[in-house]
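S.K.: can't give you the sequence, but here's the structure:
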């Protein structure tokens, strides 16, 4: 698996912003203090640590040693492990994965594996083609086109959010229910944070390295796109909406 984002500082900064409240509120009513929970693809662990306060036992796993090291530093009281999903065993009351399936070449197989590990499976993935923003800017259009081209080259599914229900059915999961939610960046502080974050990620992340290596964009072109992000962030009327699909299903 070629991970599109990487684990550079601006990427980890973005991932550390995520909490149970802003990233998996659809799951929270189903949690109890006596439950065990496995968080797959936990990254720097902010969601895992939040979920750990709501269940009896929580384990966060990620393939990246760098991400797990960051998680252990940020949240020393939580159990984080370096592991690949397909090497895991055991059984948990809940298995959770946030923004994982979109990066995998076999999302159906991954969901099937999640279902073998958890009685309740909860996944949330974004849908890049459905993202919306104002005002129009051809530099942000180029950002999305570049991102989609890079993910296609990596065998990933940037439109994963809309496919979760179909993938769950193909994986043989039962009682699958689907919903959606958004992250919306419209307040001045939120715009500055989101715009500067993506300006940095556009030129200083694995995504940027892959875009150049694959011949999708040049460094100069990416720098222009980064300026588009900063211009968007300065606009008093600027809005950016990140669309996600959410799925709950019973394991196998």
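M.R.: Thanks, I have it. Just so we're clear, the structure is a prediction, and the values are computed from it rather than from any experiment.

S.K.: ranges for the strands of the chain?
M.R.: Taking DSSP state E as the test, the strands found in the chain are 36-40, 57-62, 79-82, 92-98, 118-126, 132-134, 174-185, 239-250.

S.K.: hang on, isn't residue 150 packed against residue 216?
M.R.: Yes - between residue 150 and residue 216 there is a contact under C-beta atoms under 8 Å: 5.9 Å. Just so you know, the C-beta spots here come from the backbone N, C-alpha and C atoms, and that holds for glycine as well.

S.K.: shared neighbours of the two, which are they?
M.R.: Counting by C-beta atoms under 8 Å, 6 or more residues apart in numbering, the residues touching both residue 150 and residue 216 are residue 210.

S.K.: ok, residue 242 - contacts?
M.R.: 126, 131, 182-185.

S.K.: returning to what we had before: rebuild the strands of the chain as CSV, extending it with distance to residue 198 and mean pLDDT.
M.R.: Supplementary listing: the strands of the chain in CSV, determined by distance: least, C-beta to C-beta, whole Å; pLDDT from 0 to 100:
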stretch, distance to residue 198, mean pLDDT
strand 36-40, 25, 98
strand 57-62, 22, 98
strand 79-82, 27, 98
strand 92-98, 19, 98
strand 118-126, 13, 98
strand 132-134, 11, 98
strand 174-185, 10, 98
strand 239-250, 9, 98
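
S.K.: how about the ones you listed in JSON lines, adding distance to residue 200?
M.R.: Formatted as JSON lines, the strands of the chain follow (distance: least, C-beta to C-beta, whole Å):
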{"stretch": "strand 36-40", "distance to residue 200": "26"}
{"stretch": "strand 57-62", "distance to residue 200": "22"}
{"stretch": "strand 79-82", "distance to residue 200": "25"}
{"stretch": "strand 92-98", "distance to residue 200": "22"}
{"stretch": "strand 118-126", "distance to residue 200": "19"}
{"stretch": "strand 132-134", "distance to residue 200": "18"}
{"stretch": "strand 174-185", "distance to residue 200": "15"}
{"stretch": "strand 239-250", "distance to residue 200": "16"}
